[in-house]
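J.: Sequence and predicted structure below; questions after.
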Amino acid sequence: MKTRADVRGTEFAGSPTITVDGLDLFPGTPTEELSCRVYSTPLGLQGAPTIEQLTAALASRGLGKR
């Protein structure tokens, strides 16, 4: 996405948005702006989720280590 027009009508919630099969692993409030995204982590707000949070999000969708 490069412009505001690219974002309009999508489920974009800021960058980085981490998706699997088109679904946001950390659903939030969509935005109509090109913006940075923050994630709530045990260390406070960060620019990305922790590895543990990613692992849990994937596992909750039946994905990950087997």
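T.: Sure thing, it's come through.
J.: Let's see stretch 25-42 as CSV, backbone CA atoms only.
T.: Taking Å, rounded to 0.1, in the frame of the first residue of the first chain, the C-alpha atoms of stretch 25-42 are listed here in CSV:
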residue,chain,number,x,y,z
LEU,A,25,-3.2,-12.4,13.3
PHE,A,26,-3.8,-9.5,15.7
PRO,A,27,-7.1,-8.0,14.7
GLY,A,28,-7.5,-4.4,15.6
THR,A,29,-9.2,-1.3,14.5
PRO,A,30,-8.8,-0.6,10.7
THR,A,31,-7.5,2.7,9.7
GLU,A,32,-8.0,4.8,6.6
GLU,A,33,-4.5,6.3,6.9
LEU,A,34,-1.0,5.0,6.0
SER,A,35,0.3,4.5,9.5
CYS,A,36,2.6,2.6,11.8
ARG,A,37,1.1,0.0,14.0
VAL,A,38,2.0,-0.8,17.6
TYR,A,39,1.4,-4.0,19.5
SER,A,40,0.8,-4.4,23.2
THR,A,41,3.5,-6.6,24.5
PRO,A,42,4.7,-7.6,28.0
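J.: Show me how far that stretch is from its chain's centre.
T.: 6 Å (Cα atoms, centre = their mean, to the nearest Å).
J.: Which residue is the nearest non-sequential neighbour of the most centrally placed residue in the chain?
T.: Taking Cα atoms, centre = their mean as the criterion, Thr17 is the residue nearest the geometric centre of the chain, at 3.3 Å. If the residues on either side of it in the chain are set aside, Thr17 comes closest to Asp24, at 5.8 Å by Cβ to Cβ, 6 or more residues apart in numbering. The way it works is simple: take the backbone N, C-alpha and C, and place the C-beta from them, glycine included.
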